[in-house]
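1. sharing a model prediction with you, sequence too.
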Amino acid sequence: MIRLLYLTATIVLSPAVSACAFLQHLLPGLTLSDSNIVSVLDGLDENEIDAAQLAQEKATAPEVKAFAGRVMNEHRELTQTNGRLAAQLGLQPESSALAVQLKQAHEQAMRKLRMTSGPAFDRAYVEYEIQQHVQAFNFVETAAESEGNPQLKQELIRTGPDLLSHISAARALERHLDSESRDAVAAR
C-alpha cells in the first residue's frame, strides 16, 4: 500500500518537482534574494549574447547565423529590461553560487564550441542553445513561483514565453540541420 501511495504521489507530483529540480539540484534548500535573481538573469543573458556572438563568427549555415542574431538582439533587450527593473526596484545584482556555477558551465561549453567548426559547430551551438534556454526557462519558472516582489515576479513570468520561443526556434533549426545532413548523406 505504501509503495502504491509513493508511486501515485511520484506520478502526480513529477511535473511540479521537475520544475523545481533545477534549483534544488544546484542549490538545495537555498532561497535566492531579489538581487540574486537579477544577477542570475543578467548572467543568463550575458551567456546567451556571448554564445550568439561566437555563432555569428563561426556558423556555416545562414539559418544558424540568423538564429544567433535573433538570440543576441533579444537577450540584449532582456538585459536592458532587467537593468531598468533593477534600477526601479533599487536592486544591485548580487552574485550567488548559482550564478557562479552557471558562468563556469558556460565558459566550459564555450571552450568546446570554440574548438568546433563547420556543420559540427552549427549543430553543437544549436544543442547548446536548447540546453541553455531550457535551463533558463526552468529557472524563471521556479523563481516566479516563489517570488514575493510583484514587479520581479511579473518580469519573470513575462520572460518565460520569450525563452520558450527560443527553444522552439532552436528545435526547429535542429530538425532542419538534421534533415540537411541526412539529405547530404543520401546524395552521395
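-> Yep, it's here. Numbering: from 1, shown residues only.
2. now find how far off-centre the helix or strand where residue 164 lies is within its chain.
-> Element membership for residue 164, per DSSP states H and E: helix 150-187. Helix 150-187 sits 10 Å away from the centroid of its parent chain (CA atoms, centre = their mean, to the nearest Å).
3. that helix packs against which elements?
-> When contacts are defined as 3 or more CB pairs under 8 Å, 6 or more residues apart in numbering; DSSP states H and E, helix 150-187 packs onto helix 34-58, helix 62-89, helix 118-146. For glycine as for every other residue, the C-beta is placed from the backbone atoms N, C-alpha and C.
4. redo that, cut-off 6 Å
-> helix 62-89, helix 118-146 (3 or more CB pairs under 6 Å, 6 or more residues apart in numbering; DSSP states H and E).
5. quick one, it and helix 118-146 angle?
-> 160 degrees (axes from the mean of the first three to the mean of the last three CA atoms, to 10 degrees).
6. tell me which residues in stretch 116-128 are buried?
-> 119, 121-126, 128 (16 or more other CB atoms under 10 Å).
7. so which of those comes closest to residue 55?
-> residue 125 (4.8 Å; CB to CB).
8. look up how far residue 63 lies from the closest one.
-> 11 Å (CB to CB, to the nearest Å).
9. spatially central residue in this protein, please.
-> By CA atoms, centre = their mean, the chain has its centre lying nearest to residue 133, at 2.5 Å.
10. now residue 92: phi and psi?
-> phi -100, psi 120 (degrees, to the nearest 10).
11. list the contacts for it?
-> With contact taken as CB atoms under 6 Å, 6 or more residues apart in numbering, residue 92 is in contact with residue 35.
12. quick check: the gap between it and residue 86.
-> Residue 92 sits 7 Å away from residue 86, going by CB to CB.
13. kindly report the same for residue 143.
-> In this view, residue 143 and residue 86 are 14 Å apart by CB to CB.
14. for residue 142, give me the pLDDT.
-> Note on residue 142: pLDDT of 91.
15. check residue 178 too.
-> If you check residue 178, the pLDDT there is 83.
16. could you do the one 3 residues further on as well?
-> Residue-level confidence at residue 181 comes out at 62, pLDDT.
17. what of residue 119?
-> With respect to pLDDT, residue 119 scores 94.
18. which residues does it contact?
-> residue 60.
19. what about it, distance to residue 159?
-> From residue 119 to residue 159 the distance is 31 Å (CB to CB).
20. next one: residue 63
-> For residue 63, the distance to residue 159 - CB to CB - is 25 Å.
21. who has more neighbours, these two?
-> residue 159 (23 against 16; other CB atoms under 10 Å).
22. my read: the more buried one touches residue 140, true?
-> Yes. If you go by CB atoms under 6 Å, residue 159 and residue 140 touch, sitting 5.1 Å apart.
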